[in-house]
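K.L.:
with the input below, show me the fold.
(chains A and B)
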Amino acid sequence: MKTIFENGGEGRAAVQFSDDQYPTEAPKIEDRFRRKNLKIPEVSEIEVVRHYTTLSKRNYGVDLGFYPLGSCTMKYNPKVNEDMAKLEGFTNIHPMQPEELSQGALQMLFELQEMMKEITGFDAFSLQPAAGAHGELVGVMMIKAYFQKHDKKRKKILIPDSAHGTNPASVTLCGLETQEVKSDGNGNVDLNDLRQKMNDETAGLMLTNPNTLGLFDQNIIEICKIVHEKGGLVYCDGANLNAMVGVTKPRDAGFDIMHVNFHKTFSTPHGCGGPGAGGVGVVGKLASFLPKPMVNQTNGMYHLDYNIPDSIGKVKSYYGNFGVLVKAYTYIRALGPDGLKRVGQNAVLNANYMRVKLMKHFDLPYKRICQHEFVISDRNMPNGVTTMDLAKRLLDYGYHSPTIYFPLIVHGAIMIEPTETETRETMDSFIETMLKILQEAQTTPELVKGAPHTLPVKRLDGVKAAREPVLTAR
Amino acid sequence: MTNIPKDLLYTKEHEWIRVEGDVGVVGITDYAQHALTDIVFVELPAQGKKIDQSKGLTVVESVKSVSDVYAPVAGEVVEANSSLKANPELVNHDPYGKGWIAKLKISSKDQLKTLMGPEQYEKYLQEQKH
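P.N.:
Predicted coordinates for the structure are as follows:
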């Protein structure tokens, strides 16, 4: 397929400008600073429409079909979220206008802060971070600032071997040091390893719960106790809040600080580098370290509060990605407490339904009731068929593949997360397809190894792309 | 079958070291390269870098993941394998030969006693399998 730059011809345009729309004065920018030969495609309206409609037909999203991408949570985004984010009162305001003229927007933010406190159990909650990994960074910055004030020698952060890769990255970016903690045979944190590694130089533990195996750590109370007794803080990577929302509050387990990926739990669009939201909640003793400003209310008026004594400062221009926060607010208000609880319960029920059906045929390394996702391995796939082959073959059957080769502690990991919105029929037909591919691997392995066969592009050379990346369309 | 040469010492993190006088040649094992799949980038440690035992020596990147390579013993980097810059796949094709990563001037030979021999490493790999 051609790129938009290869389409069109000289003089074609989708818009007619009249003469009075062109500037009559000479340009004020000196000639030497002006770019020549701007590569703007000259295309007619129908060319633009066809180009992007064709592209959209080649795309795949949760609005088209099942997208069981574990860890990433490709959750359905209700369309009412978009309607609310488009309300004129929200779209026609400017962040620089006076607080008296922005009361509705500030009220929304304040109420969302309060609702997040209720859902997570924390004492204070900032909505500023622009994505999950940003929230993590902000959380670790607060831990660092806290110990700079109270106990400077604490510079190490413990991270389990099942963690998201962003955890050690956040720690390193803050100038702290990562130390790995092992998992035990049940997929929990190895308590002995944790006890041995906690000392007076440890700032704390960063723990994803439920973890990336989709397992709720059965020793979570004990884990928090071990860290607290040695003077550390416990950070919850709340990426997987969607499994327990409305059912339990992370604060009650003993966590001191937590970020929440809003797309995974509160149905905002999956960022992929675009605008996201990754708010952070903390216990009382960390509240004075939160980014500024927070939204507060005095005498019925909402205002931005910059009086946060130990604040790590501003982490985002203005106040977070406002439109995304409107969508999260809408989702929470539309569902209410009971609805949110059912979200968590159904996410877990759906995952366990699929786990039990698939574990009869695929290897399931951690045989426990899972939370919102589970991980199978490639151990008993026949004829040298790999996880990659299975993932590519699924595309032929019209599915997006699950997350593969993560977490690293499972051989040839296949990480499946159906989310709460899928019907039993959809899950059944995906399971049937998985079994069919397993059958093909037995009888016609070359068919699976050569997949995909039906897509516009065949098997791409991922290795060559990584070794010799071409990053422009030219 | 995983290749485990008899003349090397091994770590639990799947590095190997070949002792040549005061210098140790370091790389990752056949098991490690196989687990990582196609290596697409090897960061070359700077010459003169001083490093403690079990600390991050450098980083290898595969299509699947980015992984730390730990120093089997404390030492100073005397040379890094510059041919990996253009041909990171050497780590896959010849992990114990042309795919070596760095040469360390060993600070304390006593630390070599903390490493595993080939039989011990083979046993360790067996235990690691779920």
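K.L.:
can you list the low-confidence ranges for the chain?
P.N.:
You didn't say which chain, so I picked chain A. Within chain A, the stretches with pLDDT under 70 are A:271-274, A:473-474.
K.L.:
please go with chain B instead
P.N.:
B:1, B:129-130.
K.L.:
for it, which segments count as helices?
P.N.:
B:30-36, B:83-86, B:90-93, B:118-128 (DSSP state H).
K.L.:
excluding chain neighbours, give the residue nearest to whatever residue of the stretch 201-350 of chain A ends up closest to chain B in space.
P.N.:
Using C-beta to the nearest C-beta, the closest approach of the stretch 201-350 of chain A to chain B is made by residue A:213 at 12.0 Å. The C-beta positions use only the backbone N, C-alpha and C, and glycine is treated the same way. Take residue A:213 and drop its neighbours on the chain: the residue closest to it by C-beta to C-beta, 6 or more residues apart in numbering or on different chains is residue A:187, 4.6 Å away.
K.L.:
and the one you found, how many neighbours does it have?
P.N.:
Around residue A:187 sit 26 other residues, with neighbours defined as other C-beta atoms under 10 Å in any protein chain shown.
K.L.:
where does it land in three-state SS?
P.N.:
coil (DSSP: H, G, I helix; E, B strand; the rest coil).
K.L.:
quick one, what contacts it?
P.N.:
With contacts defined as C-beta atoms under 8 Å, 6 or more residues apart in numbering or on different chains, the neighbours of residue A:187 are A:162, A:211, A:213, A:215, A:366, A:368.
K.L.:
now the helices of chain B in JSON lines, with distance to residue A:107 and mean neighbour count?
P.N.:
JSON lines is the format used below for these (distance: least, C-beta to C-beta, whole Å; neighbours: other C-beta atoms under 10 Å in any protein chain shown):
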{"stretch": "helix B:30-36", "distance to residue A:107": "51", "mean neighbour count": "20"}
{"stretch": "helix B:83-86", "distance to residue A:107": "57", "mean neighbour count": "14"}
{"stretch": "helix B:90-93", "distance to residue A:107": "57", "mean neighbour count": "19"}
{"stretch": "helix B:118-128", "distance to residue A:107": "55", "mean neighbour count": "13"}
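K.L.:
mind putting the ones you listed in CSV, distance to residue A:41 included?
P.N.:
As requested, those are exported to CSV (distance: least, C-beta to C-beta, whole Å):
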stretch, distance to residue A:41
helix B:30-36, 41
helix B:83-86, 36
helix B:90-93, 42
helix B:118-128, 55
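K.L.:
chain A is nearest to which of those helices?
P.N.:
Ranking the helices of chain B by proximity to chain A (C-beta to the nearest C-beta) places helix B:30-36 first, at 8.1 Å.
K.L.:
run the chain-centre distance for that closest one.
P.N.:
The chain centre lies 11 Å from the centre of helix B:30-36; the measure is C-alpha atoms, centre = their mean, to the nearest Å.
K.L.:
who's in contact with that helix?
P.N.:
Helix B:30-36 has contacts (C-beta under 8 Å, 6+ apart) with B:2-4, B:14-15, B:28, B:39, B:60, B:62, B:64-65, B:67, B:91-92, B:95-96, B:99, B:125.
K.L.:
the residue of the stretch 301-450 of chain A found nearest chain B: what's it in contact with?
P.N.:
Here the residue of the stretch 301-450 of chain A nearest chain B is residue A:405; by C-beta to the nearest C-beta that distance is 4.5 Å. Applying C-beta under 8 Å, 6+ apart to residue A:405 gives the contacts A:387, A:388, A:412, A:413, B:64, B:65.
K.L.:
cutoff 7 Å now
P.N.:
A:387, A:412, A:413, B:64 (C-beta atoms under 7 Å, 6 or more residues apart in numbering or on different chains).
K.L.:
narrow the residues you listed to those in helices?
P.N.:
Counting by DSSP H, the part of the contacts of residue A:405 found in helices is residue A:387.
K.L.:
re earlier: wait, which of the helices of chain B is closest to residue A:202?
P.N.:
Proximity to residue A:202 (C-beta to C-beta) singles out helix B:118-128 among those, at 26.6 Å.
K.L.:
beta-bridge partners for the most centrally placed residue in chain B, please?
P.N.:
With distances taken as C-alpha atoms, centre = their mean, chain B has residue B:27 as the residue nearest its mean C-alpha position (2.6 Å). Each beta-bridge partner of residue B:27 is listed here, defined by DSSP bridges: residue B:16.
K.L.:
surely it meets residue B:99?
P.N.:
Yes. In terms of C-beta atoms under 7 Å, residue B:27 counts as a neighbour of residue B:99; the distance is 5.9 Å.
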